[in-house]
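Asks: coordinates only, sequence not included:
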């Protein structure tokens, strides 16, 4: 990383800033969300002009005009710079932004980081003004595409890289529980409710927060439905619990944020993510604190609290510092084969 700068284009979700925390103080790393450091009036006009809502009704012409305002630092022109985009920034395709960057920064490299399944991105960009999510376009446009999902990496020829995470102390009071779950209902609401009931029946204190649930499906008074929490508030629940529940979405096979939270804050992880029990893929699957979801039925309340006392020997192997090293390794390898 000595002579290379990194610009990460990620959205404003507060948990991403936590995930990148270990590298944000580095002067060679920039966290960008678009339209920074420009006239506020121009920013408002540009955001409206690039609005998905507006452009899905009528596609506004000449979007490329705003490329020069999206991110522009003269300091990068004479150095090696790697622009890293979150998958949701695929919409910039409609403005020709990726080719624009390469014309302005001739020495740059562009990398796409996919933190969701390809199927999820297909749904996200269905009938989107940027056009459908196109894997061939990604592979032809970017110097490297990294996916957190093992199956997608194998299927589409992407580089595999798990998610990354940085530890953050909340500095505020913990919210106590034995088991904590937070996530969208997606296609798994019945499964979430079943896990909740099983754990409650063991006499365990459960804090469950579920989003995107219709009013008719909100079955339990002590489950928090559809209430958004900032991530620092979520960390109060995580720091105060003994166990985190991870329920994977269909087609996902890889690390999730819940896995990294459990490792970082030394919590039990109750999970249906089978790949975590592959020793070559995930050595921590040998820990008593990584529990297969189907096995929780046979664990008594006493056994649960005994397991909670065990320690996971996590040493920060999934810090974003290693993400930078992996990107650097991939790009160096590509340069050497040219």
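Replies: The structure has been received and is ready for your questions. Values in this document were obtained by computation on a predicted structure and should not be read as measured data.
Asks: show me where the stretch 101-250 of the chain has helices.
Replies: 118-124, 135-141, 150-156, 189-201, 231-240 (DSSP state H, counting those that start in this stretch).
Asks: and the last one, average pLDDT?
Replies: Right, helix 231-240. Per-residue pLDDT over helix 231-240 has a mean of 93.
Asks: and that helix, what does it pack onto?
Replies: helix 14-19, strand 179-184 (3 or more CB pairs under 8 Å, 6 or more residues apart in numbering; DSSP states H and E). (Glycine included, C-beta is placed from N, CA and C.)
Asks: In space, not sequence, find me the middle residue of the chain.
Replies: By CA atoms, centre = their mean, the mean C-alpha position of the chain lies nearest to residue 115, the distance being 4.7 Å.
Asks: Quick check: that residue vs residue 227, distance?
Replies: Separation of residue 115 from residue 227 (CB to CB, to the nearest Å) stands at 24 Å.
Asks: same check, this time on residue 179
Replies: 18 Å.
Asks: The two: who's more crowded?
Replies: residue 179 (24 against 8; other CB atoms under 10 Å).
Asks: picking that back up, residue 265 is nearest to which of the helices and strands packed on helix 231-240?
Replies: strand 179-184 (10.7 Å; CB to CB).
Asks: Run me through the strand neighbours of that closest one, direction for each.
Replies: strand 206-211 (parallel), strand 243-246 (parallel) (DSSP bridges).
Asks: Quick one: end-to-end distance for stretch 79-97.
Replies: Start-to-end span of stretch 79-97 (CA to CA, to the nearest Å) is 20 Å.
Asks: What mean pLDDT does it get?
Replies: Regarding stretch 79-97, the rounded mean pLDDT is 92.
Asks: Return the distance of it from the chain's centre.
Replies: Put simply, stretch 79-97 sits 17 Å off its chain's centre (CA atoms, centre = their mean, to the nearest Å).
Asks: do stretch 186-203 as well
Replies: On CA atoms, centre = their mean, the centre of stretch 186-203 falls 24 Å from that of its chain.
Asks: Buried by neighbour count: which residues of it qualify?
Replies: 186, 188, 189, 192, 193, 195, 196, 199, 200, 202 (16 or more other CB atoms under 10 Å).
Asks: And stretch 307-315, by the same measure?
Replies: Quick answer for stretch 307-315 (16+ other CB under 10 Å): 307, 308, 312, 314.
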